[in-house]
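Asker: coordinates only, sequence not included:
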Ligand SMILES: [Zn+2]
């Protein structure tokens, strides 16, 4: 049995969750108050036989032991795996020689980058050349010495070979310096310092390891003119490290290493646009703030954040261009994942993205043409208020569309409704959908019934996924965990993944068939096991990057490589088959979703009953949710039989 399965089998989810949550037995399940949001009525359910947890309240999410620990601690999968492996007494496989080699090379690069941090810091703090930069940080940016120290800020001298000479003298090869992104190549041959006359901002990954630099050009030294704002002489205002093995703009978020815990404590993450905004906000005590790498937000970045919180506030630049860039980024991220649908910038695209990520995205608009760091310097309480008043994206879009229009005009009404309703239908939570529909009706002064269109297609329920039962533990010695038939949910998930690993191209045809039947395409959220979600994302990602093979990625991505061995063996058997695999895949997907919806309905019914007995008002919400899930189940069944019929005709 693969090590991952062994870990899953050895750790009892009830024991694990009980370390944090007081659980009460509730029939076959356990219930308690959700540890991830505050509530008075328990809506948090743990199913020991399925090894799963689920919050039916505000979080509206669930998963396995891995996702529980990831969410609770703000760790990534690998950290969580190490932790749970140790807890389960399972030794993780060692690296293969090739993996070890890649790891060593990365370690060397990180070491070099750490030395570069010291080099630039020395230039800033201890040389005359750095004096101007230091003054700028203190006087213009209001950063204290402690903050400069905490964030490891530095200064790259205004010279072509300063870093180059320093590191070559220290024994580094030119090729290493190039690979770390510290040097650039001349067309005519030779190399020179990439960063010159810039304030250097070390960028670390979410675990605090050096990844690269962001560099802001120094404003000119001449006495500042009143109109002078930026100082664009000598290149772009901001320059990042080039893409290197460690520095990937789409995967890093500036400040996340420091913000991870504060984000979990605050229950939300705030995204600003500039590195210096992040630093100023941290200095003012607002530590749940991060920023993308000077480019639009990507799906991967949102995913990184989502490990710590569902609620993400976008503090958008006051200027429209900045707003557009952020919104556009979200849309771009969606496009990358959703090739079948109509593309182009529209608000629906943005929200679709939100729905798939199951994130609660909000927008805070900055007033008076000020940047976040200017606002927090003017008045920290104002920042607090702006963030707390951030509008849900639906409302933001509603207000933006309505601005300056005549809401009495019937045509305007139907136009706005036509644009906003699809956004509402995409929301993951049925209670939220009802609330927004009512709001839109009031806003447009129309009867709410007029807004009740056909049910949103999709049929993607949320579910708690089954898991292999805990094996009977032998007394004394560590139990030999046998390979035994896994639970239906687990084996359906691995069945789907093994086919996709063998024939990744099938995923497009599979998506198309589902969408033609009115169902959502296959997504990571269809899978209940965290490792399966990760593997599915890899398959989709590899498919979208030409030439990449998911199997390669899987083998490279530590430490999943060894752990997914069973899956790869299983995949090998599909290589020779083609004709019926698509049908096979479709059937498995429908079955998986049906099981998920069935589980949810049962658990919600139980919660409803319990709330009823206690005369709790939540009973009504649970009832609504049961109805909603039942509708989804009916829709899924209809689509499923349509799919079956259509496939037979082919
Ligand atoms: Zn919750």
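Answerer: Received it, and whenever you're ready, just let me know what you need. These figures come from a predicted structure and were not determined experimentally. Numbering: from 1, shown residues only.
Asker: quick check: buried residues in the host helix or strand of residue 397?
Answerer: Using DSSP states H and E, residue 397 sits within helix 393-402. Residues 393, 394, 395, 396, 397, 398, 401, 402 are the ones in helix 393-402 that count as buried (16 or more other Cβ atoms under 10 Å). Every C-beta, even on glycine, is put in place using the N, C-alpha and C of the backbone.
Asker: what's the following helix or strand past it packed up against?
Answerer: Heading C-terminal from helix 393-402, the first helix or strand you meet, by DSSP H and E, is helix 410-426. On a contact count with 3 or more Cβ pairs under 8 Å, 6 or more residues apart in numbering; DSSP states H and E, helix 410-426 meets helix 347-357, helix 393-402, helix 430-444.
Asker: centre of the chain to helix 410-426, how far?
Answerer: The chain centroid and the centroid of helix 410-426 are separated by 28 Å under Cα atoms, centre = their mean, to the nearest Å.
Asker: what sits against residue 314?
Answerer: Residue 314 is in contact with 271, 297, 326, 361, 362, 363, 364, 390, counting by Cβ atoms under 8 Å, 6 or more residues apart in numbering.
Asker: tabulate those (TSV), appending secondary structure and pLDDT.
Answerer: Output for the contacts of residue 314, formatted as TSV (DSSP: H, G, I helix; E, B strand; the rest coil; pLDDT from 0 to 100):
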residue	secondary structure	pLDDT
271	strand	90
297	coil	72
326	helix	52
361	strand	78
362	strand	85
363	strand	84
364	strand	86
390	coil	89
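Asker: ok, and the most crowded of the residues you listed?
Answerer: In terms of neighbour count, residue 297 stands highest of the contacts of residue 314 at 27 neighbours, by other Cβ atoms under 10 Å.
Asker: wait, isn't that one in contact with residue 269?
Answerer: No. Residue 297 lies out of contact with residue 269 (Cβ atoms under 8 Å); the separation is 11.5 Å.
Asker: could you pull out the helices for the stretch 501-650 of the chain?
Answerer: For the stretch 501-650 of the chain, the helices defined by DSSP state H, counting those that start in this stretch occupy 506-516, 530-544, 550-556, 560-563, 565-572, 581-613, 618-649.
Asker: against which helices or strands is the helix holding residue 397 packed?
Answerer: helix 347-357, strand 360-365, helix 410-426, helix 430-444.
Asker: where does residue 262 land on pLDDT?
Answerer: For residue 262, the pLDDT comes out at 91.
Asker: can I take it that residue 285 is in a helix?
Answerer: No. If the criterion is DSSP: H, G, I helix; E, B strand; the rest coil, then residue 285 is coil and not within a helix.
Asker: in the stretch 151-300 of the chain, what residue comes closest to the ion?
Answerer: residue 267 (10.3 Å; Cβ to the ion).
Asker: what does the pLDDT read for that residue?
Answerer: For residue 267, the predicted pLDDT is 86.
Asker: now swap in residue 175 and tell me
Answerer: Residue 175 is given a pLDDT of 93.
Asker: what are the buried residues along the one helix or strand it maps to?
Answerer: Assessed by DSSP H and E, residue 175 sits inside helix 174-179. Residues of helix 174-179 classed as buried: 176, 177, 178, 179 (neighbour count, 16+ other Cβ under 10 Å).
Asker: ok, stretch 372-387 next?
Answerer: So stretch 372-387, judged by 16+ other Cβ under 10 Å, has buried residues 372, 373, 375, 376, 377, 383, 386, 387.
Asker: can you list the low-confidence ranges for the stretch 301-450 of the chain?
Answerer: 316-359, 422-423, 425-430 (pLDDT under 70).
Asker: which residue does it bring closest to the ion?
Answerer: Nearest to the ion in the stretch 301-450 of the chain, going by Cβ to the ion, is residue 310, at a distance of 9.1 Å.
Asker: nearest spatial neighbour of that residue, skipping sequence neighbours?
Answerer: residue 360 (5.1 Å; Cβ to Cβ, 6 or more residues apart in numbering).
Asker: state the helix or strand in which the closest residue in space to residue 591 that isn't next to it in sequence lies.
Answerer: Residue nearest to residue 591 in three dimensions, not counting chain neighbours: residue 492, with 5.9 Å by Cβ to Cβ, 6+ apart. Using DSSP H and E, residue 492 sits within helix 488-502.
Asker: next one: that helix to chain centre, how far?
Answerer: Computed by Cα atoms, centre = their mean, the separation of helix 488-502 from the middle of its chain amounts to 23 Å.
Asker: ok, now stretch 210-223?
Answerer: On Cα atoms, centre = their mean, the centre of stretch 210-223 falls 29 Å from that of its chain.
Asker: list the buried ones in that stretch?
Answerer: By neighbour count on 16+ other Cβ under 10 Å, the buried set for stretch 210-223 is 210, 211, 212, 213, 214, 215, 216, 217, 218, 219, 220.
Asker: contacts only, for residue 241.
Answerer: By Cβ under 8 Å, 6+ apart, the residues touching residue 241 are 180, 181, 194, 203, 211, 212, 213, 214, 247.
Asker: same deal with residue 514?
Answerer: Contacts of residue 514 by Cβ under 8 Å, 6+ apart are 520, 521, 522, 586, 589, 643.
Asker: the ion versus the first one, what's the distance?
Answerer: Distance from residue 520 to the ion, counting by Cβ to the ion, to the nearest Å: 23 Å.
Asker: count residues in the vicinity of residue 185, would you?
Answerer: Residue 185 has 12 nearby residues by other Cβ under 10 Å.
Asker: please disregard the earlier target; I meant residue 12.
Answerer: Neighbourhood size, residue 12 [other Cβ under 10 Å]: 15.
Asker: pull the contacting residues for the residue lying closest to residue 510 once chain neighbours are set aside.
Answerer: Spatially, and ignoring its direct neighbours in sequence, residue 510 is nearest to residue 585 (5.1 Å; Cβ to Cβ, 6+ apart). By Cβ under 8 Å, 6+ apart, the residues touching residue 585 are 496, 499, 500, 506, 510.
Asker: and if we set it to 7 Å?
Answerer: Applying Cβ atoms under 7 Å, 6 or more residues apart in numbering to residue 585 gives the contacts 496, 499, 506, 510.
Asker: which single one of the residues you listed is nearest to the ion?
Answerer: residue 496 (27.8 Å).
Asker: for that closest one, grab the count of nearby residues.
Answerer: That count, for residue 496 with other Cβ under 10 Å as the rule, works out to 24.
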